[in-house]
Each structure stands twice: as structure tokens, then as C-alpha cells.
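> just to be clear, the model below is a prediction. Sequence and coordinates:
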Amino acid sequence: MNLRKYLKVYKKFLHTSLASELEYKTNILIDLITAILSLIGSIFLLSIFFQNNGYIGGWKFEEALIIQGIYTVLNGITNTWFNPNLTEIVKHIREGTLDFVLLKPIDSQFFISLKKINPSGFLEIMLGFCLLFFCVRINQINLNLSFLTLSLITISCSICILYSLWFFISTTTIWFVKTWNAIEVLRSFLYIGRFPLNSFSFSLRIFFSIFIPIAFITTIPSEVFLGVSQLWKILLEVIVATVFLKTSRKFWLFALKFYSSASS
Amino acid sequence: MNPKIFTLLKVQYSNMMEYRVEIALWAISGIIPFFMLNIWTNNNLNESINISDVMLSRYFLCAFFVRQFSVVWVVFSFEEDSLMGKVSPYLIQPLNPFFRYFAQHLAEQITRFPFAILISFFFFIFNPESIWIPNLGILFLSIVSTFLSFIIQFLIQSIVACLCFWTEKASSIERLLFIPTLFLSGLLAPVVSFPTYVKSWIYLTPFPYLIDFPANLLSGNETNISGGLSMQILWIFLLFPLFKKIWSEGTKKYTAMGS
């Protein structure tokens, strides 16, 4: 794979999609307000939970805020890259334009996953990082190199898992055509990533660790932040992320065999 | 019944039946209240607000139901139609295009009904102690109040949808409005559990009447029936003239694509 070529192409993608998105400037502003309000809303909800309890699932309020921060960052990434691109697959397949993507002398998964960008998600990512920074201060976490590398590793693994989940579901479009509401189902499941996994009952905890690994997406990075995560959990997350990425890639190539373009 | 509306409903119903799987998926995506219930009962958070486990699980089940039958997406349909220029032929017809969307929503609710029943059936398997049968009067009143809640949300979204005449992307405004609806309507936490500084003003806004009030009514939790219903009707009377105004202004402003 020629890395330089892909970088050059990605630069062009960035340029074109930013140019078209910046046409709607007020839209970006409204999206920013939406992101801020939704963060306030979920902190409000969290504060209701903690009204008369000091701990929820073994987490203090200040610690649970870290999960919110990580969720906000990941949600921003979803809104910036995954949502605008992967919902597009549905359109490609319905209108038969996937043919043009497949004909291009470039990897189709790369093209489909990174073509578009939604700049308003950046603001949400920044918002998440601000909250995380605030959490670092109120929880008196000292920043050192090992902490930074570990949290970087776990967060990038979370991003990989999240991406694979989205890509997985979008790929099923090749058989079912209309799956953008399956993505809605995924979204509503991901919503519980805002809360510590231990606050759910045992059966739900199992469900959210095995079938939809939300446990890996937000809880483990937050534990790393607090310095309470065991090494095996981090290793497990790395393994899960690799497996997810590889299977999603294989699944895409497998699904393409079943793709017959529109009207054929 | 007015034959026009009846025909519309029939057409939209057969349309919706085509996409049963899609609607089933929509129904599943509404199960967030059950996750919230799990947090509440698993951490004994309900003790502080004096609601028993059983009443709380009924509340969240009803919240799920009310949400299922008051989901509105008119702004997204209207935005697409107006961008594609489909609104022009609708405007020529002697029928306000919003009747078409209204019928679409009603038809979708009818299609959704069996799925919602199925999901609640599973809910009762996992929580057999929360089975209850509301009496007929309460059932009737809660259906009415759910319908009123649907109308309030339909009117709010139609007002937002009319903004499409001025701006191209009205759906982002709807996404903004959805946030307070999500957190204040009682879908994620019953309004009784809110801190007092919120409770002091929240009953003046339309939000608690969207989900909290009908869900409390249906689940048999304590609520002010006549007060809630009259507030719902009041909001409809406030919103309807606003919608009519913005609709007539907007259609004057409207220029078809390519003119």
C-alpha cells in the first residue's frame, strides 16, 4: 500500500468536504450548542443519580465525569467521521453509485470510511477534552508519560472498536439495503456508554461486554485515567480492538462478493 | 370520518407495511428507558424519591410506550421534500401537505403497535412482578394524553419544518430542540426525581407533558390528571396559531426550485 498516495488523497477529501460543510456556518454553530446542551443534560442526569448516593457502581461523581468526558470525545469522533461517511454507504447501494467507488484505483474501505468530514464534531471533541482536563484536576491525577501512553492506547482501541461496529452494521446494507435505522439501534445502545458499567445488573453487564463491547469502549479508558485498571484489561482491549478491525475488514471484502450493482 | 383523511391513512398504512423490519428496528431503538430503569433499581436510587421498584418499572415501561407513540420526524421528511422540490406539487393540491405527514405518522404508529406489544411482553417476562391492568377510564385518558403529547410534538416540529422555507437545514434546529426534550420530558428519569430548582419551573414548559405526565397516568403513579390534560390542551392552543402563521408566511416566501 502506498502510504503517500493515500495521504495525498485524504488531503483532497478533507479539502472538498470542509469546503462544502463550511457553506452552512450557522449550522455548525447550532451543532455546537447542541453538543454543549447534550453534555449539560447528561451531567444533569448524572447529578440526579448522585443526589442521595455517594457512589454508583463503585464510582464517585467526579470519577463518573471522566466517563462522560471520554464518551463526549468518542461521540465527537463518531459525528465527525463515522456518521457522515457510513450512512453514505446506504445511499451508494440504493442508488448504485457504489460501482464508481469500486472502480477507483484506491481501497474501497478507505474511500467509503474517510470521504466526508463534519467539522462540527471537532468542537464536541474539544469539549470532551476540556471536560477530561477538568476531571484530571479535580481527581488529582498526576500526568506522567506512562499514564499518557496508556490512555492514548486505550482510547485509540476504543475508536477502532467503535469504527468496526459502525462499519459492520453499514456493511450489512449490501444484503438488506435499508439499514440506517439499525445504526439508530446501535446509537441507542451506545448511549449507555455514558454510565459506568458496574452500575448495571449482572446480565446487562455481560451483554454489554460480549455482544456490544461498550465496556471496552468507555469504561476501561476511564479506569486507566483513574489508575485502577489492571494490565490484563488493557491487553484484552488491544486484542478485542485488533480482532474487531480485522473481522470488519474481512466482512467488507466478503460482503462485496454479494454486491450486484443496481439493475443487474 | 372525512373520506380524504381516510384515503390518506389507508395509502400511508400500506406504504408503512412495506417497511415492517425498519419499523421494528425503530421500535427497538427506543429501549433506552429500560437501561435507565436498570441503573435506578440496581443502585436503589428510587428509595430517595419514594417510588417502589415495581412502580418505577411500570413508569419506565409506560415511558417507553408513550415515546413509541409520540415519535415525530416530520421535519426530516419535510426537509427532504423541500430540498428535492417535491413540495411544489403538494402545494397545488387542495390539501395542506402536513395532513399527508400527519397520516404518515398515524399509519406508522399503527404498524408499530405489535412490535411495541412484543417488546413489553419480553419486559414482563423479565419483570413478572410489574404486570398490572389499568382500569378502562385511566387507559382511555392515557391514550388521549399520549395523543395530545404527539400533537404537541408534531406542532413544534412542523413549526421548525416551516423554517425550511428560509433556511435549507432546519433539521439541525430540531436536533437542538431534541436535547431538552430528551432530558426534561421524563424519558430518562421521572420528573419527580428532579432537583427542586428544576421542578420549580419545569411544569410551565411543555416538556413534562410529553412523556412524564402520560406515563405517570398510565402506570398509576401519582399525578394531577385534570391539570396535566389542561396544560397539554393549552400548549396545543398556543402552538397551533403559531404554526398557521409561520405556514402562511412561509408559503408566500416559497419559490420552487429552478424559478
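Perfect, thanks for sending it.

> and the gap between the closest residue to chain A within the stretch 51-200 of chain B and A:F189?
Nearest to chain A in the stretch 51-200 of chain B, going by Cβ to the nearest Cβ, is B:F183, at a distance of 3.7 Å. Every C-beta, even on glycine, is put in place using the N, C-alpha and C of the backbone. Distance of B:F183 to A:F189, computed by Cβ to Cβ, to the nearest Å: 19 Å.

> and these two? which has more neighbours close in?
Ranked by neighbour count (other Cβ atoms under 10 Å in any protein chain shown), B:F183 and A:F189 place B:F183 first, with 23 against 20.

> which element is that one on?
helix B:171-184 (DSSP states H and E).

> which residues sit against the next helix or strand after that helix?
For helix B:171-184, the succeeding helix or strand toward the C-terminus, using DSSP H and E, is helix B:196-202. By Cβ atoms under 8 Å, 6 or more residues apart in numbering or on different chains, the residues outside helix B:196-202 that reach it are A:44, B:184, B:191, B:194, B:208.

> try it again with 10 Å
For helix B:196-202, the external contacting residues (Cβ atoms under 10 Å, 6 or more residues apart in numbering or on different chains) are A:44, A:48, B:183-186, B:191-194, B:208, B:212.

> export those residues to TSV and tack on pLDDT and distance to A:W166?
Below are the contacts of helix B:196-202 laid out as TSV (pLDDT from 0 to 100; distance: Cβ to Cβ, whole Å):
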residue	pLDDT	distance to A:W166
A:F44	93	28
A:I48	90	30
B:F183	92	25
B:L184	93	29
B:S185	92	28
B:G186	90	30
B:V191	92	34
B:V192	90	37
B:S193	90	33
B:F194	91	34
B:P208	93	34
B:D212	94	33
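
> nearest to A:P221, of the residues you listed?
Of all these, A:F44 has the smallest distance to A:P221: 23.1 Å, by Cβ to Cβ.

> quick one: that closest one from chain B, how far?
For A:F44, the distance to chain B equals 6 Å [Cβ to the nearest Cβ, to the nearest Å].

> burial measure for the residue of the stretch 1-150 of chain B found nearest chain A, as a count.
Here the residue of the stretch 1-150 of chain B nearest chain A is B:S48; by Cβ to the nearest Cβ that distance is 3.8 Å. When neighbours are counted by other Cβ under 10 Å, B:S48 registers 12.

> just B:F194 next, same as before
23.

> quick check, it in contact with A:F44.
Yes - between B:F194 and A:F44 there is a contact at 8.6 Å, judged by Cβ atoms under 10 Å.

> what sits in contact with each of the two?
B:183-184.

> what parts of the stretch 1-150 of chain B come near chain A?
Residues of the stretch 1-150 of chain B found near chain A (Cβ under 10 Å from any Cβ of the partner chain) are B:19, B:21-32, B:34-36, B:38-45, B:47-49, B:126.

> mind running it again at 7 Å?
Contacts of the stretch 1-150 of chain B with chain A, taken as Cβ under 7 Å from any Cβ of the partner chain, map to B:22, B:25-26, B:28-29, B:31-32, B:35, B:38-39, B:42-43, B:45, B:48.

> from these, which is closest to B:V75?
The closest of the residues of the stretch 1-150 of chain B next to chain A, once distances to B:V75 are taken by Cβ to Cβ, is B:W26, at 16.2 Å.

> any idea how far that closest one lies from A:I183?
As judged by Cβ to Cβ, B:W26 and A:I183 stand 12 Å apart.

> who touches both of these two?
Shared contacts of B:W26 and A:I183 (Cβ atoms under 7 Å, 6 or more residues apart in numbering or on different chains): none.

> that older thread, which of the contacts of helix B:196-202 are buried? Put it as a ChimeraX command.
Selection of buried members from the contacts of helix B:196-202 for ChimeraX, criterion 16 or more other Cβ atoms under 10 Å in any protein chain shown:
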select /A:44,48 /B:183,184,185,186,191,192,193,194,208,212
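
> any chance of TSV for the contacts of helix B:196-202, columns distance to A:L152?
Converted to TSV, those look like this (distance: Cβ to Cβ, whole Å):
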residue	distance to A:L152
A:F44	30
A:I48	33
B:F183	32
B:L184	37
B:S185	38
B:G186	39
B:V191	41
B:V192	43
B:S193	38
B:F194	38
B:P208	43
B:D212	42
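
> relative to A:T173, how far out is A:L152?
33 Å.

> more crowded one of these two?
Taking other Cβ under 10 Å, A:L152 and A:T173 do not tie; A:T173 has more neighbours (24 against 12).

> picking that back up, pull the contacting residues for the residue of the stretch 51-200 of chain B closest to chain A.
By Cβ under 7 Å, 6+ apart, the residues touching B:F183 are A:41, A:44-45.

> so which of these sit within helices?
Members of the contacts of B:F183 lying in helices (criterion: DSSP state H): A:41, A:44-45.

> how about these in CSV, adding distance to A:V240?
Formatted as CSV, the ones in helices among the contacts of B:F183 follow (distance: Cβ to Cβ, whole Å):
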residue, distance to A:V240
A:G41, 30
A:F44, 32
A:L45, 28
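
> just the closest of the residues you listed to A:Y10, please.
A:G41 (34.3 Å).

> nearest residue to the middle of chain B?
For chain B, the residue nearest the mean C-alpha position is B:S70 (2.2 Å; Cα atoms, centre = their mean).

> that residue and B:T146 touch, don't they?
Yes - counting by Cβ atoms under 7 Å, B:S70 does reach B:T146; the two are 6.1 Å apart.

> pass me the low-pLDDT residue ranges in the stretch 151-264 of chain A, would you?
For the stretch 151-264 of chain A, the stretches with pLDDT under 70 are A:178-180, A:261-264.

> would you list every one of the helices in it?
A:173-176, A:180-190, A:202-210, A:214, A:220-226, A:231-256 (DSSP state H, counting those that start in this stretch).

> around B:N15, how many other residues sit close by?
Other residues near B:N15 come to 14 when the count uses other Cβ under 10 Å.

> chain B contacts on chain A?
Contact residues, chain A versus chain B (Cβ under 7 Å from any Cβ): A:24, A:27, A:30-31, A:33-34, A:37-38, A:41, A:44-45, A:48-49, A:51-53, A:56-57, A:178, A:181-182, A:184-185, A:188, A:191-192, A:195, A:199-201, A:204.

> now with 6 Å, please.
Contact residues, chain A versus chain B (Cβ under 6 Å from any Cβ of the partner chain): A:24, A:27, A:30, A:34, A:37-38, A:41, A:45, A:48-49, A:52, A:56, A:178, A:181-182, A:184-185, A:188, A:191-192, A:199-201, A:204.

> quick one: the strands in chain A?
Remark: no strands are assigned in chain A by DSSP state E.

> verify the contact between A:I161 and A:T242 for me.
No - assessed by Cβ atoms under 6 Å, A:I161 is found out of contact with A:T242, at 9.9 Å.

> so these two - more neighbours on which side?
Ranked by neighbour count (other Cβ under 10 Å), A:I161 and A:T242 place A:I161 first, with 24 against 14.

> what about that one, distance to chain B?
19 Å.

> dump the residue contacts of that residue.
Residues near A:I161 by Cβ atoms under 6 Å, 6 or more residues apart in numbering or on different chains: A:213, A:216-217, A:241, A:244.
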